[in-house]
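A.B. asks: Coordinates for the following, if possible.
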Amino acid sequence: MPTSVTMPRLGESVTEGTVTRWLKQEGERVEADEPLLEVSTDKVDTEIPSPAAGILSRIVVGEDETAEVGSELAVIAGDGEDAGSAAPAPAQEQQAEAEPEPEPAAPATPSTEKPVEEEAPAPQTASDAPGGAAEGTEVKLPALGESVTEGTVTRWLKAVGDTVEADEPLVEVSTDKVDTELPSPVAGTLLEIKVGEDETAEVGAVLAIVGTPGSAPAAAPAPEPEPEKPAAAPAPQQAPAPQVESAPAPNLSGESYATPSPAAETSQPAAQPAEAQPAPAAPAAPSAEATKSNGAGDAGYVTPLVRKLAAEKGVDLSTLSGTGVGGRIRKQDVIDAAEKAAAAKAPAPAAQAERAAAPTEKAAPKAEPSPLRGRTEKLTRIRATIARRMVESLQTSAQLTTVVEVDVTKIANLRNKAKADFQAKHGVKLTFLPFFALATVEALQQHPVVNSSIDVEAGTVTYHGSEHLGIAVDAPKGLVVPVIKDAGDLNLAGLSKRIADLADRTRSNKISPDELGGGTFTLTNTGSRGALFDTPIINQPQVGILGLGAVVKRPVIVNDPELGEIIVPRSMVYLALSYDHRIVDGADAARFLGTLKERLEAGHFEADLGL
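C.D. replies: All right, here's what the predicted structure looks like:
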C-alpha cells in the first residue's frame, strides 16, 4: 500500500516549511529512515527521512515550494507495488517534445511536475522532468521564510546563453532571514535574466527564463538597456564578476552571545550568508568559467560562505571531495584542505632562514593585514536583521549585568583526577561547562524569578516549573542556541553528554527544530575564546542569561587556618549575569549569583564523578 510522506511539525509555532532539495528522484528506491528531502523553516534547516521502504513514485511538492504542516509531500510505493503515477512521466515528456500542443501533457502536470513550474505560461510547460528542459520555464523567487516578502539578487552563477542542469545552483539571493542559492527548476539554456545583481524582487516575481537546450534567447534580457540588440548578443549582460571568487568573507562570529534569530535558523542546509557583490559591467564569462564559479566540479552545491572561505584560504574547490550530504563540500572540508596545504609547504631555504634569524632570534612574524581594511561593503540582510534584533532586545527589557568572581580550584582538581575515567565511561570529554550548567539549574530551582518570563500587556509573570537550559553554540553559520529540556532532571554526566551531543549536531546542521526553542534561561561560554567576562544580551522572552568567563590561574590571597593570609595560585573565573530589571531586582541577581558561587566553590561533585 502506498505511503504518504507528509510535512511534520518542525517546532513550536511553525506552520509551514519550504522544500529546499529532494535527495531522491521519482522512480528511485529509498529505505526506511533514509534521508529523503531537505526542508527549511523559520526555525531550522533539516532532513526528513522516508517513513517506509519502497519506490519514490510521486513528488507532490517541488523544490523551493512551501507546504503547510500535515500536507502531502510525496508518495512512496511499496516493494511489491508499481510506481504508479511516476511511470507515465517519461512518456508524457517524450510526447510533449514531439507535439507542440500542450494538451497531452497537461493531465500529468499536477502529479509529476514541480509546483513552481505549474505557474509558467501554459504553452511552455509541456515538459518539466529533470532530464529534459521546458521551453521558456520561469525561475521565480520563492518564499524563503515566514513574513519574507522580497529578496535581493546578490550574484548570478550563470550568464545568459549558458547551459544549466536541473537543480544546479543558478542564482544567489539574500533576504532578511537567509542568504541562499536558488537552483534551476529544469535543464536548459539561460535565455533571459529579468532581475539583475543588487536588484530587489518580490516573492513570486520572475527572476529569469530557462529554455530548451541549444535554443537562442527570444529577446534581449530585461535588465539590458539596449533592447534592440540582436538575440545572439545578450551574453554580455549579468555575467558573474571574476572578482567574486576572491571576495573576503565577513566575520560572522562574535566574542559575545548574540540572541538567536530566525536568520540563523532558516538558511538552506549548510547555506551561509553571502555578501552582495559589486557587479561592474564586464564581458560575459564563458560557460566553463561560470560553471567554475558555481562550485567544485561534480559536487555542484557549494554555499556562498564555503566559496568565500575557499577563496580566502586559496583552496581550489574542484580538487575537493565533499563530506556533506550528496557529496556537498562543507566548511570543514575547506579548513582541512587549507591545513594540509600549509603543512605540505616546504620550509624556508637555509639562506633565508639565516637572514631571518640574523637580526634577532625572537623576531615575530609579520602579520598579514586583513583584506577588509579600507573597504566599504553593504550589510547582508542577515547581519542587518541581527543588528535590529539586538537593539529590539535592549529596547524590550531593562537590562543590566552583575559580575562575581568564583574560585573553582576544587573543581579543577576534581576534573584533572576524573577526566580520563569520565571520558572512557561516558564517551565525552569532561569540561568545566557541565559543572557550571549543573550549578546553574540548581540555583534556578532556588531562585525561580530568574527562570521566569514577563507579560507586560497582561500584567503577569510566569515562574517556569522546569529548567530548559539554552547553550550558545558557535556554529559555522553563527551562534545558535539549542535547548536542554528539563535540565534540572539531569546529573553531571547527563548534562555532559547532552551538551556534547547538541553542540556536535548543531555544528553539523543536524539539530531538530524542537531543540532550538522553548528555553527559559541561557548559558553562553564566552570564556572559550579567552574573554574574562562580557555583558551578554538577553534572549527574549527570557529574563536572564549567564556569561561564563575564562578559567585562569592567578595569585589570590586566601586565609589559611595555620598560616593566616597567604598568596597562592588559584583557578578563578568571572560569572556575568545579565537580567531583566523589570522583574529581577539587583538583590535577586546577587542572591542567585551567591548561591551559584557557593555551590561551585564548595566543589562537592565527587558523587557525580564516582570519586
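A.B. asks: remind me, longest strand of the protein?
C.D. replies: strand 564-580 (DSSP state E).
A.B. asks: now what about the following helix or strand past that one, what contacts it?
C.D. replies: The C-terminal neighbour of strand 564-580 among helices and strands, as given by DSSP states H and E, is helix 586-602. When contacts are defined by CB atoms under 8 Å, 6 or more residues apart in numbering, helix 586-602 is touched by residues 400, 402, 404, 406-408, 410-411, 435-436, 439-440, 442-444, 446-447, 449-450, 544, 575, 577, 579. All C-beta atoms are positioned from the backbone trio N, CA, C, and that covers glycine.
A.B. asks: mind listing which of those residues are in strands?
C.D. replies: L400, T402, V404, V406, D407, G544, L575, L577, Y579.
A.B. asks: In PyMOL, select just the buried ones from the contacts of helix 586-602.
C.D. replies: Buried members of these, defined by 16 or more other CB atoms under 10 Å, are picked up in PyMOL with:
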select buried, resi 402+404+406+407+408+410+411+435+436+439+440+443+444+447+449+450+544+575+577+579
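A.B. asks: Just the pLDDT for K410.
C.D. replies: K410 carries a pLDDT score of 95 in this model.
A.B. asks: Next up, phi/psi of the residue lying closest to it once chain neighbours are set aside, please.
C.D. replies: Here the nearest residue to K410 in space, its sequence neighbours aside, is G603; by CB to CB, 6 or more residues apart in numbering that works out to 2.8 Å. Here is the backbone geometry of G603 (degrees, to the nearest 10): phi 60, psi 30.
A.B. asks: residue contacts, G603?
C.D. replies: G603 neighbours (CB under 8 Å, 6+ apart): V408, T409, K410, I411, N413, L414.
A.B. asks: mind checking the SS state of the last one?
C.D. replies: Secondary structure for L414, judged by DSSP: H, G, I helix; E, B strand; the rest coil, is helix.
A.B. asks: quick one, what contacts K553?
C.D. replies: Contacts of K553 (CB under 8 Å, 6+ apart): P569, R570, S571, M572.
A.B. asks: Which pLDDT value goes with the third one?
C.D. replies: This points to S571. 95.
A.B. asks: What separation is there between it and V406?
C.D. replies: From S571 across to V406, the span is 9 Å (CB to CB, to the nearest Å).
A.B. asks: Over to the second one?
C.D. replies: Distance of R570 to V406, computed by CB to CB: 10 Å.
A.B. asks: And for the first one?
C.D. replies: Remark: distance between P569 and V406 (CB to CB) = 16 Å.
A.B. asks: Give me the residue ranges of the chain where confidence is low.
C.D. replies: Low-confidence segments of the chain, defined by pLDDT under 70: 11-13, 42-44, 79-135, 144-147, 176-179, 213-305, 324-326, 345-364, 380-383, 385-386.
A.B. asks: try it again with 50
C.D. replies: Residue ranges of the chain with pLDDT under 50: 83-134, 215-299, 351.
A.B. asks: ok, which stretches of it are helices?
C.D. replies: 88-98, 109-112, 115-118, 262-265, 287-294, 304-313, 331-344, 350-357, 381-396, 409-426, 433-446, 492-507, 586-602, 606-609 (DSSP state H).
A.B. asks: Show me what the longest one is packed up against.
C.D. replies: Identification of packing neighbours for helix 409-426 by 3 or more CB pairs under 8 Å, 6 or more residues apart in numbering; DSSP states H and E yields helix 492-507, strand 564-580, helix 586-602, helix 606-609.
A.B. asks: Among those, which comes closest to V164?
C.D. replies: V164 sits nearest to helix 492-507 of all those, at 32.0 Å, using CB to CB.
A.B. asks: which one is L490 nearest to, not counting chain neighbours?
C.D. replies: R498 (6.6 Å).
A.B. asks: Oh, that last question was meant for V543, not what I typed.
C.D. replies: With CB to CB, 6+ apart, the residue lying closest to V543 is D580, at 4.0 Å.
A.B. asks: what's the answer for V148, then?
C.D. replies: Using CB to CB, 6+ apart, the nearest residue to V148 is T175, at 4.9 Å.
A.B. asks: so that neighbour touches T154, yeah?
C.D. replies: No: applying CB atoms under 8 Å, one finds T175 not in contact with T154, separated by 10.4 Å.
A.B. asks: Now do the shared contacts for those two.
C.D. replies: Joint contacts of T175 and T154 (CB under 8 Å, 6+ apart) do not exist.
A.B. asks: Tell me who's in contact with R498.
C.D. replies: Applying CB under 8 Å, 6+ apart, the residues contacting R498 are I484, A487, L490.
A.B. asks: G544: what's it in contact with?
C.D. replies: V450, N451, F521, T522, I538, L577, S578, Y579, D580, V584, F592.
A.B. asks: Kindly recompute the last result at 6 Å.
C.D. replies: Going by CB atoms under 6 Å, 6 or more residues apart in numbering, G544 touches V450, F521, Y579.
A.B. asks: hmm, back to that, the longest strand of the chain relative to helix 433-446, how many degrees between them?
C.D. replies: Inter-element angle recorded for strand 564-580 and helix 433-446: 70 degrees (by axes from the mean of the first three to the mean of the last three CA atoms, to 10 degrees).
A.B. asks: in strand 564-580, what's buried?
C.D. replies: Neighbour counts over strand 564-580 (16+ other CB under 10 Å) mark R570, S571, M572, V573, Y574, L575, A576, L577, S578, Y579, D580 as buried.
A.B. asks: What of stretch 602-611?
C.D. replies: G603, F605, D608, L609.
A.B. asks: do the same with stretch 417-431
C.D. replies: A418, F422, V428, L430, T431.
A.B. asks: What of stretch 524-535?
C.D. replies: For stretch 524-535, by 16+ other CB under 10 Å, it's T524, N525, T526, G527, S528, A531, F533, D534, T535.
A.B. asks: Looks like E467 contacts A443 (just checking).
C.D. replies: No: using CB atoms under 6 Å, E467 makes no contact with A443, being 9.6 Å away.
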